[in-house]
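1. Just a sequence and a predicted model for now, questions to come.
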Amino acid sequence: MNIIKVENKEALSIKAKEMFVDVLQNTVAPILGLATGSTPEGMYKLLIESYQNGDISFKNALAFNLDEYVGLAPDHPASYRYYMQHKLYNHVDTKRMNTFLPNGLAEDLDAECITYEKHIQEAGNLDFLVLGIGENGHIGFNEPGTSFESRTHIVTLTENTREVNARFFDSIDEVPTEALTMGLGTIMDAKQIMLLVQGERKREILKKVIYGEVTEEVPASILQKHPNVTIITDLDV
Ligand code: PGA
């Protein structure tokens, strides 16, 4: 794993933006994998600036998000579709038809998972995947105990994850109990991965991910086995 240590949150966003821009400028029709959450927000802001400056375009890109809540409509402010539209897509030249999230409103959620996975594979797998990490080591919504072989699937969110994410909702009762997420196998098929880890509360888990045992109890530890992972972090570990 390639580890890039930066000074602070702002420097992390700049470095992440630079890596992202490099991919967009050097890949003819990039297949992107994108994350939501607080960590990549600054990067998305800077990408919008790069687009406005004419440095990058998303017009030939396909973008697949890691995950989506079950039961939230795309216009629900806590849905990940809403996040992507407002923090990136509404401000750049992505075409709506080229941006994908698992459909958490699908009547048949199992079928939706199969379709989403197939769509990624038919696109040729992800060229560049942006990841954040949960305090419990989850990537996407792959909670501890998820099989390393997993493909896009339905998950029951842990209480910890629901508590951590309650800040995006009016109350914890409104946080969905389920989500759809790319699996760890899907993630490992990405050609290049950029993991963003920011803030003290992630220190313990980052140490485990880099130096600990590769175990399904720490989902992100599987990244030790990926040939092209860059971790950008403001933590000295
Ligand atoms: P965060 O979320 O960027 O808001 O910390 C990361 C995650 O839970 O995957």
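-> Arrived safely. Numbering: from 1, shown residues only.
2. isn't Leu46 right next to Ser13, touching?
-> Yes. Counting by C-beta atoms under 8 Å, Leu46 does reach Ser13; the two are 5.7 Å apart. In this view, the C-beta of every residue, glycine as well, is placed from N, C-alpha and C.
3. So between these two, which is more surrounded?
-> Set Leu46 next to Ser13 and count neighbours by other C-beta atoms under 10 Å: Ser13 wins out with 23 against 18.
4. Tell me the predicted confidence for that one.
-> Per-residue pLDDT puts Ser13 at 98.
5. Tell me which helix or strand it sits in.
-> If you go by DSSP states H and E, Ser13 is part of helix 9-26.
6. hmm, the helix or strand that comes right after that helix touching the ligand?
-> Remark: after helix 9-26, the chain's next helix or strand is strand 31-34, criterion DSSP H and E. No. Shown here: strand 31-34 not in contact with the ligand (C-beta under 6 Å from any ligand atom), separated by at least 12.0 Å.
7. Report the mean per-residue pLDDT for strand 31-34.
-> For strand 31-34, the mean confidence score works out to 98.
8. correct me, but Gly42 touches Ala11?
-> No. In this structure, Gly42 is not within contact of Ala11 by C-beta under 8 Å, at 9.7 Å.
9. Which one of those two is surrounded by more residues?
-> Gly42 (19 against 16).
10. Is the more buried one located within a helix, as I assumed?
-> Yes. Gly42: assigned to a helix according to DSSP: H, G, I helix; E, B strand; the rest coil.
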